[in-house]
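Structure for this input, please:
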Amino acid sequence: ESDANEVYKFMTQIATTLGLSECDFIKEHLLDSSKGKDLAREVVRYDEAEIHNIAAVVGGVASQEAVKLITGQYVPFDDTYVYNGIASTAGVYRF
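Numbering: from 1, shown residues only. As a prediction, the model looks like this:
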């Protein structure tokens, strides 16, 4: 519970510093003590958690790229791979 209180304190400080405290959505969900502390508890509860299906996809892609490098067959990604777990889409982007 003390970790959640500390996270909530940082969340409110950041929202205020960035000027987000005037936004109705932020006021209603983050700066409201009850809802904001519920959000902070969820953040603390999932600390360092890894969603298994996201880990499986990213791990599979990484291992496939490692096989490409080791065997010298096919062309590995030549830049940044981004996976969107919400939409289940991916892309390779050159920055």
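
rest of the way, CA atoms for contacts and neighbours
Noted.

Chain neighbours aside, what residue packs nearest to Y83?
Leaving aside its chain neighbours, Y83 sits nearest to A90 (4.3 Å; criterion: CA to CA, 6 or more residues apart in numbering).

so which strand or helix has the one you found?
In the assignment (DSSP states H and E), A90 maps to strand 89-93.

Give me the contact list for that strand.
The contact list for strand 89-93 (CA atoms under 8 Å, 6 or more residues apart in numbering) reads 77, 79-84.

ditto for stretch 15-30
Residues outside stretch 15-30 that contact it (CA under 8 Å, 6+ apart): 11-12, 31, 35-37, 39.

Take these and lay them out in JSON lines including distance to V58 and neighbour count.
Formatted as JSON lines, those follow (distance: CA to CA, whole Å; neighbours: other CA atoms under 10 Å):
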{"residue": "M11", "distance to V58": "29", "neighbour count": "18"}
{"residue": "T12", "distance to V58": "33", "neighbour count": "20"}
{"residue": "L31", "distance to V58": "35", "neighbour count": "22"}
{"residue": "K35", "distance to V58": "33", "neighbour count": "14"}
{"residue": "G36", "distance to V58": "31", "neighbour count": "23"}
{"residue": "K37", "distance to V58": "32", "neighbour count": "22"}
{"residue": "L39", "distance to V58": "27", "neighbour count": "18"}
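
Among the residues you listed, name the ones in helices.
Judged by DSSP state H, the contacts of stretch 15-30 include 11-12, 35-37, 39 as members of helices.

Which stretches in this structure count as helices?
Under DSSP H, the chain gives helices at 2-17, 24-29, 33-45, 52-71.

do you know which of these lies nearest R94?
R94 lies closest to helix 52-71 among the helices of the chain, at 16.6 Å (CA to CA).
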